[in-house]
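Undergrad: Sequence plus predicted model, see below.
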There are 4 protein chains.
Amino acid sequence: MSMPDYGRAFALWRAAAAESWERYTRHAFVERLGDGSLPREAFLHYLQQDYVFLIHFARAWALAAAKAETLEELQAAASTVHALVHVEMPLHIRVCAAEGISQAALEATPERKENLAYTRYVLEAGYSGDFLDLMAALAPCVLGYGEIGLRLAASATDTPWRNWIDTYAGEEFQQACRTAGALIDSSLTRRLGDDWERQPRWKRLCERFETATRLEEGFWDMGLRPGA
Amino acid sequence: MSMPDYGRAFALWRAAAAESWERYTRHAFVERLGDGSLPREAFLHYLQQDYVFLIHFARAWALAAAKAETLEELQAAASTVHALVHVEMPLHIRVCAAEGISQAALEATPERKENLAYTRYVLEAGYSGDFLDLMAALAPCVLGYGEIGLRLAASATDTPWRNWIDTYAGEEFQQACRTAGALIDSSLTRRLGDDWERQPRWKRLCERFETATRLEEGFWDMGLRPGA
Amino acid sequence: MSMPDYGRAFALWRAAAAESWERYTRHAFVERLGDGSLPREAFLHYLQQDYVFLIHFARAWALAAAKAETLEELQAAASTVHALVHVEMPLHIRVCAAEGISQAALEATPERKENLAYTRYVLEAGYSGDFLDLMAALAPCVLGYGEIGLRLAASATDTPWRNWIDTYAGEEFQQACRTAGALIDSSLTRRLGDDWERQPRWKRLCERFETATRLEEGFWDMGLRPGA
Amino acid sequence: MSMPDYGRAFALWRAAAAESWERYTRHAFVERLGDGSLPREAFLHYLQQDYVFLIHFARAWALAAAKAETLEELQAAASTVHALVHVEMPLHIRVCAAEGISQAALEATPERKENLAYTRYVLEAGYSGDFLDLMAALAPCVLGYGEIGLRLAASATDTPWRNWIDTYAGEEFQQACRTAGALIDSSLTRRLGDDWERQPRWKRLCERFETATRLEEGFWDMGLRPGA
C-alpha cells in the first residue's frame, strides 16, 4: 500500500524516520488489531491508557493554540482541542462504558511509564520550543493512526476491533489528517521560508518526529503487556 | 446598581480591589460609551486594539486548557477558546469591516504598550503559575465587561455604541460570566480546599486580580488617546 | 541505617512512597555499585546516559529559578544550576574522559527512553505547574542519591565504583541535600502555610514525588541493560 | 561616538530600530544622568523600580538557561543568572541602603506599569518562543546599558550619578556585553544557519528587539515621573 498523502513535511519526516516508522506502524499490536488476534484484555488495557493519553494530547493541542502565530493556526488548533474534548473524549468514555469500564475507572487509571514518556515529551517539546516542535512531536500520533487505519481497513477481514479500524480509516479522521498535514506545511513555510527542508531547524524537527515515533512504538509495546 | 452574581471568588476579589475596580469599571471611556459622548475615532481605535487583545486573550484561555487538571476544566477552557476564535473574532472582524476597517488593517495594527502590558501580564502569569493564576488575571476582563455591560444597559439611553453595550449585557455573555465564575470557584476549591480564602495563596491571587484590574484601567486610558 | 535528615517534606514524601522508594534506592544497580559486581560496561553506559540527564536536570533547576517567588529561592536555584553546569558537568566530562569516553561521544549519546521519560516528566511538571511541582519531581534524584551514597559508603567494602559512592556520600553533596531539603520546606510553608501537609495540594505533590521515584527506578533498570 | 562592537546581530537590530533606539538611548532620563540634572528623587525611584526589574530580568535569563540547546548556551545563561542574583542584586541592595532605602522597602516596591510591561513582555516572549526570542527581547537592556554607559562616560563631566555611569562603562560590564553579543550571534547561526539575516525568522526577531526597545523607552519615561 502506498503512503497516504498528508502533505510534504509528513512525507519527508516519514522517509527520514523510515525504520522507526515501520516498527511503529507495523507493530505486533497493530497487526493483531487487524487480524483479530489481539486479546481482549490487551485492547481494554490500551483503551484505558488511551484515555489518559487523550487528556495530555488535548493539552498539547491547547498549548499549540497558545503558541499559534496567526489566526488560522489559532483556529485550527482550537478546533482540534474542541473536537478532542467535546467529541472524541465523550465517545471514548462511551466506548469504554460499553466494554464495562466506568468513567470513574478511567479517571483512576494508573498511568504507565510508556504513556507518560510520550505525552510529557510532546508537552515539554512544546513548552521549551515553539509551534513547529509541537507539530513534529504530535504528527506521528495523528498521521500514524491515519496511515494505520487506512492500511488495516484495506487488509483486515474479520476482527473484533473493526470499529477501532473504521474510526481511523473513516473519512472524518482522514480529513483531519489532511488538514493537520496542510497546517504543518504552512506553519513551516511561514516560519522557515519556502526552502524549509534545507534549514538547520528542519534537521532537529526530523529528530523530534523520530523520537516521538519511537515513543509511539513504546506505547504499543506497553499495549501488549497489560499486566505489567 | 448591585454587583452581578458571578460567584464567590469574584465577589471577594472585587471587594479586595474596590478602588481599582471602580476606576476600571467607571472609567471615563466607559461612561462615554454609555452617554454617547465617546468620539468615533476613539471607538474605532479601541476596536482595532481589541482585535490584537482578543488574539492574546484566546491564547491565554488556550494556555488555561493546557494547564487544566480535570476534564471539566479542560472542556470549559476549550469551549471558551473555541467561542473566541470561531465566533467572537469573526464577529469582531465583521463589526470592524462595517466601520471601514479591513481585516488586513486589523492584522497590521501596531500594538499599543498598554495593550501589550495587559496581555503579556496575563500570559506570563499563566506560564509561570497555574490555572488559578490565569483565572485571577483573566477575571477582570471577562467579569468586568459583564458588569459594565449590565450597568450601561440599565442606565444608557441614546448612544451610538448601543450594540457594544448590548453584546456584553446580553444573556449569552452574562451566561458566560456566570459559567466562568463557577469555574473559578470550583478550581479554587479543588486546589486549595473549601477554605481557600484563608490560604496564603489566596492573598497572591487577590494581587493578581488587582494588578490585572489596573492594567484594564490602562487599556481604557489608551482608548481615550487614539492618536498617541 | 536510619533515614538521613533532609527535612520534613522529604521524610513525609519518602514515607508516602515507601515501596517505590525502596525499589529505587535498593535497586540491583545500586546494590551492585556497592558490592562491586556492576559490570564496567553497565557503569560506562550509565555515565553516558547521566550526561544527557544532567543537561536536562540543569535546565529543570533553571526553570525553578525562573519560577522562584523570592530572592532566596532565586539565589538557591541559581546556585544549583551554576554548580551543575560549571562544576558537576565538567567533572562528569573528565571522569568520562578518564574512562575513554570523549566529550564528542557524550554529546552524541542516543538518549534512552527511560532517561527521556524522567527528565521530560520533571520539566513538564515545572512548566505546567510551579516551583513546588519542580521540587517534588526533582527531590527523588537529589535526595535519593544522597541517601544511596550514605548507605553504600557505610556498607560497601571493596568496589571499583568507590569514587561514585564517595561523591554522593561526601560532605559537599550531603550539605547540598540538606540545603535542598530546607529550601523545599520553606517553599512549601510560603505557598501553602504552616499546615501544608493538610492541604489538597500536598496530596498531588506526594504523587509527583512517587511518580518521579518510579521513573528513577526505570533509570536504574535501563542502567542494567546497556545493550538494549 | 561610534556604536560599540557587540557583534553582528546587535549592529543589524540597532540599525533596523534606529529611531526607537535613539529615543531609548538618548532619552531625557539618560541625558540628565549624564549632565547631573536628574533629580535625586527620580534617581531613587528608578533604583527601587530597578530592583523589581532585576528580579524578573534574572528570571528571564534563567528561562534562557532552561531553553538552551548546547552546554555552552546553558553555561553562559547560568553564569549571567548567577552574576545577577549573587553579585548585582546584593550590590543593588547595598547601593540602595546607602541611599536610605532598606531591603524591606525594596521588596515592598509597588511595581509600576511600565516596569511590568517590559519584564512580562520579555518573559512571555521566552515562554512562548525560544532562546532567540529571549535574546532579542533581552538585548536592548544589556547592550543598551553598555552603549549608554560608554557614551556618558566619554561625555559626562560632573554628575552625582557618576557611579552609575562607571558601572556600565566599566570593563566588567563591557566584557559582559561583548560576551552576550557573541552568544547571540552563535545562537542565531546554530538555529538559522549562516545567512540568518535572510530568514523569515530574523524579521520577527527584529520586531522583538524594537518592541523591547520601545518598552525600555517607557521605563525611562516612568523614571522621570517618580510621583505618578
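TA: Thanks, I have it.
Undergrad: wait, what's in contact with the residue most central in space within chain A?
TA: Nearest to the mean C-alpha position of chain A, counting by Cα atoms, centre = their mean, stands residue A:141 at 1.6 Å. Neighbouring residues of residue A:141 by Cβ atoms under 8 Å, 6 or more residues apart in numbering or on different chains: A:57, A:212, A:216. For the C-beta atoms, the positions are set from N, CA and C on the backbone; glycine is no exception.
Undergrad: Inside helices: which ones of those residues?
TA: A:57, A:212, A:216 (DSSP state H).
Undergrad: The first one contacts residue A:84, correct?
TA: Same thing as residue A:57. Yes: when contacts are counted by Cβ atoms under 8 Å, residue A:57 is listed as touching residue A:84 (6.7 Å).
Undergrad: Show me which residues of chain A sit near chain C.
TA: With the criterion set to Cβ under 8 Å from any Cβ of the partner chain, chain A comes near chain C through A:59, A:111, A:113-114, A:116-117, A:120-121, A:123-124, A:127-128, A:211, A:214-215, A:218.
Undergrad: Report the separation between residue A:210 and residue C:153.
TA: Separation of residue A:210 from residue C:153 (Cβ to Cβ, to the nearest Å): 41 Å.
Undergrad: again with residue A:113
TA: Residue A:113 is 30 Å from residue C:153, by Cβ to Cβ.
Undergrad: These two: which has the busier surroundings?
TA: Using other Cβ atoms under 10 Å in any protein chain shown, the more surrounded residue of residue A:113 and residue C:153 is residue A:113, with 21 against 16.
Undergrad: wouldn't the more buried one be in contact with residue C:218 here?
TA: Yes: the pair residue A:113 / residue C:218 is scored as a contact, 5.8 Å apart, by Cβ under 8 Å.
Undergrad: Okay, now the unreliable bits of chain A?
TA: A:1 (pLDDT under 70).
Undergrad: residues from it in reach of chain D?
TA: Going by Cβ under 8 Å from any Cβ, the residues of chain A near chain D are A:66-67, A:127-130, A:190-193, A:199-201.
Undergrad: change it to 6 Å
TA: Counting by Cβ under 6 Å from any Cβ of the partner chain, chain A comes close to chain D at A:67, A:128, A:129, A:130, A:193, A:200.
Undergrad: List the contacts of the fourth one.
TA: Yep, that's residue A:130 we're talking about. A:67, D:130 (Cβ atoms under 6 Å, 6 or more residues apart in numbering or on different chains).
Undergrad: mind checking how far stretch A:122-133 is from the chain centre?
TA: Chain-centre distance of stretch A:122-133: 15 Å, with Cα atoms, centre = their mean, to the nearest Å.
Undergrad: send the alpha carbons of stretch A:62-74 over as PDB?
TA: Provided in PDB are the C-alpha atoms of stretch A:62-74 (Å, rounded to 0.1, in the frame of the first residue of the first chain):
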ATOM      1  CA  ALA A  62      -4.200  23.600  23.500                       C
ATOM      2  CA  LEU A  63      -0.600  24.600  24.000                       C
ATOM      3  CA  ALA A  64      -0.200  24.700  20.200                       C
ATOM      4  CA  ALA A  65      -3.100  27.200  20.200                       C
ATOM      5  CA  ALA A  66      -1.300  29.300  22.800                       C
ATOM      6  CA  LYS A  67       1.800  29.200  20.600                       C
ATOM      7  CA  ALA A  68       0.000  30.000  17.300                       C
ATOM      8  CA  GLU A  69       1.300  33.000  15.400                       C
ATOM      9  CA  THR A  70      -1.700  33.500  13.100                       C
ATOM     10  CA  LEU A  71      -5.500  33.500  13.400                       C
ATOM     11  CA  GLU A  72      -5.600  30.500  11.100                       C
ATOM     12  CA  GLU A  73      -3.200  28.500  13.300                       C
ATOM     13  CA  LEU A  74      -5.100  29.500  16.400                       C
END
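Undergrad: anything in it near chain B?
TA: Yes: against chain B, stretch A:62-74 shows contacts by Cβ under 6 Å from any Cβ at A:62, A:63, A:65, A:66, A:74.
Undergrad: and residue A:157, how many neighbours does it have?
TA: 8.
Undergrad: which of the residues in the one helix or strand residue A:174 maps to are buried?
TA: According to DSSP states H and E, residue A:174 maps onto helix A:171-192. By neighbour count on 16 or more other Cβ atoms under 10 Å in any protein chain shown, the buried set for helix A:171-192 is A:173-174, A:176-181, A:183-188, A:190-192.
Undergrad: Which strands and helices lie in contact with that helix?
TA: Helices and strands touching helix A:171-192, by 3 or more Cβ pairs under 6 Å, 6 or more residues apart in numbering or on different chains; DSSP states H and E, are helix A:8-16, helix A:131-155.
Undergrad: Please state the offset of stretch A:58-74 from the chain centre?
TA: With Cα atoms, centre = their mean as the basis, stretch A:58-74 stands 17 Å off its chain's centre.
Undergrad: What residues does chain A have near chain B?
TA: Near chain B, when you scan chain A using Cβ under 6 Å from any Cβ, you find A:59, A:62, A:63, A:65, A:66, A:74, A:75, A:78, A:81, A:82, A:85.
Undergrad: quick one: which of these sit in helices?
TA: Among the residues of chain A next to chain B, DSSP H puts A:59, A:62, A:63, A:65, A:66, A:74, A:75, A:78, A:81, A:82 in helices.
Undergrad: Give me the number of neighbouring residues for the fifth one.
TA: When neighbours are counted by other Cβ under 10 Å, residue A:66 registers 29.
Undergrad: and what of the second one?
TA: Residue A:62 has 31 neighbours, counted by other Cβ under 10 Å.
Undergrad: for the fourth one, same thing?
TA: Number of residues near residue A:65 (other Cβ under 10 Å) recorded here: 30.
Undergrad: can I assume it is in contact with residue B:62?
TA: Yes: at 3.5 Å, residue A:65 counts as touching residue B:62 under the criterion of Cβ atoms under 6 Å.
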